[in-house]
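Novice: Based on what follows, work out the 3D shape:
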Amino acid sequence: MQLHKRDVVEAATTLLDSFGIADLTMRRLARELDVSPGALYWHFANKQQLLGAVADRILESVADADGPWRVRIGRLCTGLRDALLSHTDGAELVSASFAAGQSQRMTELLGHLTDAAVDAGVPVGQAELAARTVVYYVLGFTVDEQSRLQWDAAGAELPDEQSALTDDATARFRFGVEVLLNGMSVAEREPMLD
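Specialist: Sure thing, here's the model as predicted:
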């Protein structure tokens with residue numbers, strides 16, 4: 001049986017979902033595929049490249065949005081969060097791949113967010129920074145959310161305070177996105193701070 005790149009990515013995604021990012025190793029993946037670890041390097045130069053391909057696989061479901069800039073950004077944020085939450089450690093893996101410049105799909109999503117920021121009135125020279133701020137919010141929020149879910153599933157004692165941290169996660173997420181959108185809306189009327 002010939003090993004195809006898509007088979008490697010699917011097997012890696014399955015391992016991620018079953019065991020988490022810490023146990024997603026090239027050696028374990030090779031064992032799962034019943035090949036030598038060297039066979040994986042035929043398809044991927046290194047583990048970072050493989051993780052980038054898995055990140056792209058995770059993000060396949062994030063649809064490009066159309067409509068007014070607020071709607072586009074809101075839908076992209078919601079789609080990104082949903083995709084990240086659909087895989088064990090999805091936010092951590094995508095965040096690491098994005099930081100390493102290994103996810104083509106994140107680059108595409110960043111471009112869509114940058115275009116929406118320009119449409120919001122953010123100066124062209126700062127639009128990508130605004131888009132990255134949105135991405136950082138979604139990734140950071142979702143990493144925190146997944147960590148809390150994992151701690152809860154492990155039976156860990158989490159603070160039981162009545163605070164913004166214990167409210168409905170989706171409501172908190174939407175609030176944060178709305179804060180970002182309102183900030184971009186201000187950019188339409190006022191220059192950004194120096």
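Novice: mind listing the helices for this structure?
Specialist: 5-19, 26-33, 37-40, 47-58, 69-85, 90-99, 104-119, 124-153, 169-189 (DSSP state H).
Novice: Columns mean neighbour count and mean pLDDT on top of those helices, output as a markdown table?
Specialist: Bear in mind the C-beta positions are built from the backbone N, C-alpha and C, glycine included. Converted to a markdown table, the helices of the chain look like this (neighbours: other C-beta atoms under 10 Å; pLDDT from 0 to 100):
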| stretch | mean neighbour count | mean pLDDT |
| --- | --- | --- |
| helix 5-19 | 17 | 95 |
| helix 26-33 | 16 | 94 |
| helix 37-40 | 14 | 89 |
| helix 47-58 | 21 | 96 |
| helix 69-85 | 20 | 97 |
| helix 90-99 | 22 | 96 |
| helix 104-119 | 19 | 96 |
| helix 124-153 | 16 | 89 |
| helix 169-189 | 15 | 85 |
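Novice: OK, contacts around the nearest residue to residue 74 once chain neighbours are set aside?
Specialist: Spatially, and ignoring its direct neighbours in sequence, residue 74 is nearest to residue 177 (6.0 Å; C-beta to C-beta, 6 or more residues apart in numbering). When contacts are counted by C-beta atoms under 8 Å, 6 or more residues apart in numbering, residue 177 touches 73, 74, 77, 78, 134, 137, 138.
Novice: Roughly how far does the last one sit from residue 33?
Specialist: Okay, so that is residue 138. Distance, residue 138 to residue 33, by C-beta to C-beta, to the nearest Å: 32 Å.
Novice: now do residue 139
Specialist: Residue 139 is 29 Å from residue 33, by C-beta to C-beta.
Novice: Identify the residue nearest residue 27 in space, chain neighbours excluded?
Specialist: Nearest non-adjacent residue to residue 27 (C-beta to C-beta, 6+ apart): residue 37, at 5.5 Å.
Novice: isn't residue 127 right next to residue 117, touching?
Specialist: Yes. Using C-beta atoms under 8 Å, residue 127 is in contact with residue 117, at 4.1 Å.
Novice: Show me the domain layout of the protein.
Specialist: Split into domains by automatic domain parsing, the chain comes to 5-51, 57-189.
Novice: my guess is residue 87 contacts residue 14, does it?
Specialist: No. In this structure, residue 87 is not within contact of residue 14 by C-beta under 8 Å, at 10.0 Å.
Novice: Once you drop chain neighbours, what's closest to residue 107?
Specialist: Closest to residue 107 by C-beta to C-beta, 6+ apart is residue 101, at 7.9 Å.
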